[in-house]
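A.B. asks: Here's my sequence, what's the structure:
(4 chains)
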Number of protein chains: 2
Amino acid sequence: MAKRAISKAGRGAESTRAAILNAAFMEFYHNGFQGGSLNKIVESAGTTKGALFHHFPNGKQELGYAVVDEIIGPILQQRWLESLVGSKDPITDLKRAFRQYVKEDIESGNYVQGCPLNNMAQEMSPLDEGFRKRIDKLYCLWRKTYADAFAAGVKAGKVKKSVEPASVAALIVASQMGIWGTGKSSRSLELMTQAGEAVCSYLDSLRP
Amino acid sequence: MAKRAISKAGRGAESTRAAILNAAFMEFYHNGFQGGSLNKIVESAGTTKGALFHHFPNGKQELGYAVVDEIIGPILQQRWLESLVGSKDPITDLKRAFRQYVKEDIESGNYVQGCPLNNMAQEMSPLDEGFRKRIDKLYCLWRKTYADAFAAGVKAGKVKKSVEPASVAALIVASQMGIWGTGKSSRSLELMTQAGEAVCSYLDSLRP
DNA sequence: TTGACAACATACCGACTGGTCTGTATTGTA
DNA sequence: TACAATACAGACCAGTCGGTATGTTGTCAA
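C.D. replies: Numbering: from 1, shown residues only, chains lettered A, B, ... in the order given. Just a heads-up that it's a prediction; the model follows:
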């Protein structure tokens, strides 16, 4: 059998797909899924509807699913999960991550757009079961990674034994959703850092 | 000068406005502001575009603003603020409110649609400054009410003196946004109650 | 009784939406 | 070299959108 990925008519089949995917992510990130326009997407990707419906035959929905799976998922992985897997001291690592990313998103101005995953979740979860399942899968992974880290922290004596890893993980993830959501409507870096620091002091209260 | 509110041609001027407003709230609550359709709104309100643009000359935007100010604001007031103003023991009162409303929203099924204010905030804050300001005003009031209650709790000896009321308030409100957001994509009552209980145990850690 | 005006209803508009269809150039394969 | 398949481009489509213009009806002050 021939290698599919290399076959390319026109020029750069896989790169065209990637361009559409990235443009779609940006469009949906800024205007929402329902508000996002396929015309704008193909325009900013430098291609046409023909290409879009060639790579995503089921149109907008399939494109949205692909954005969640292939763009947002990996972002979550690298941003919040990678630094936690295998951690023996989740409190220290989480505090560092919180402070770093709050600072980063404020400086880049990205905080006004919020968290891409949360945006999709709030808008599309109630409207489309396919979206909901994909999004839920990511949030489950997110919570599980945190919970595993807390369980490891308990074993390593860095977290007090009375904490329920799953409960704490659920609260931390929820807090993150809320803090980044707060930034969107308040546009206040003080408020985001304030809430972030409150999480940090909560985390400190979980020390043995 | 004549009383304006009583003058009514057709039948029930003010009640027509209210019907449109309520229909708009439901439509936006279920489909988002951008996804919500004016045609659907007037249909389910049992009226027409003429009436809508008579009462809201600036169209969809003005209608959206009115939904935030006249529907969502009062809901927030009655649901989360009324029980906290003048409270001397915010920890007890907040825990009760959390448990009550988690239970209530699960039983009614409303939890799949999330918090109306948060929905609007996530979708519209980055896109429209008028929305953002109105929404921010409500969140500020929300946090301030909590912060005042915590300050009173400190004075009354029901909350330990080391807590920063403003920080704790910011975190609690953010957590609420996150918990109700979690419910939307997970559809898991266990997860919502679990996160809710984690908040309760966090609140307990703020006792003197 | 008679305007004047509020309170609608209805028909209609251009813009834009997601989506399809057909044509065409490029490519690997036989 | 012939052929089929891939990878697009661009025209086109029906439907829906928010919004407007005009018409009609009920109410009230004069």
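A.B. asks: closest point of chain A to DNA strand D, which residue?
C.D. replies: Nearest residue of chain A to DNA strand D (Cβ to the nearest atom of the strand) works out as residue A:50 at 1.8 Å. Using the backbone N, CA and C atoms, a C-beta is placed for each residue, glycine as well.
A.B. asks: Which SSE is immediately downstream of whichever helix or strand that residue is part of?
C.D. replies: In the assignment (DSSP states H and E), residue A:50 maps to helix A:49-55. For helix A:49-55, the succeeding helix or strand toward the C-terminus, using DSSP H and E, is helix A:59-66.
A.B. asks: Can you confirm whether that following helix lies near DNA strand C?
C.D. replies: Yes. Judged by Cβ under 7 Å from any atom of the strand, helix A:59-66 comes into contact with DNA strand C through A:59, A:60, A:61.
A.B. asks: again, but for stretch A:32-49
C.D. replies: Yes. Judged by Cβ under 7 Å from any atom of the strand, stretch A:32-49 and DNA strand C are in contact via A:36, A:37, A:38, A:39, A:40, A:49.
A.B. asks: That stretch: which residues count as buried?
C.D. replies: Within stretch A:32-49, the residues that count as buried by 16 or more other Cβ atoms under 10 Å in any protein chain shown are A:32, A:33, A:34, A:35, A:36, A:38, A:41, A:42, A:45, A:47.
A.B. asks: Show me these that map onto helices.
C.D. replies: Within the buried residues of stretch A:32-49, residues falling in helices by DSSP state H are A:38, A:41, A:42.
A.B. asks: now the residues of stretch A:32-49 next to DNA strand C in CSV, with distance to residue B:81?
C.D. replies: Below are these laid out as CSV (distance: Cβ to Cβ, whole Å):
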residue, distance to residue B:81
A:36, 35
A:37, 39
A:38, 42
A:39, 44
A:40, 40
A:49, 49
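A.B. asks: For those, work out which two are farthest apart.
C.D. replies: A:36 and A:49 (14.5 Å; Cβ to Cβ).
A.B. asks: Kindly list the longest helix within chain A.
C.D. replies: Under DSSP H, chain A gives helix A:129-155 as its longest helix.
A.B. asks: domain parsing for chain A?
C.D. replies: Using automatic domain parsing, the domain parsing of chain A gives A:11-57, A:66-204.
A.B. asks: Show the end-to-end separation of the last one, please.
C.D. replies: What it means is domain A:66-204. End-to-end distance for domain A:66-204, by Cα to Cα, to the nearest Å: 38 Å.
A.B. asks: so does it get close to DNA strand D?
C.D. replies: No. Against DNA strand D, domain A:66-204 shows no contacts by Cβ under 7 Å from any atom of the strand, the least distance being 13.7 Å.
A.B. asks: Quick check: mean pLDDT of that domain?
C.D. replies: Domain A:66-204 comes out with an average pLDDT of 96.
A.B. asks: what about that domain, distance to the chain center?
C.D. replies: Relative to its parent chain, domain A:66-204 has a centroid offset of 8 Å by Cα atoms, centre = their mean, to the nearest Å.
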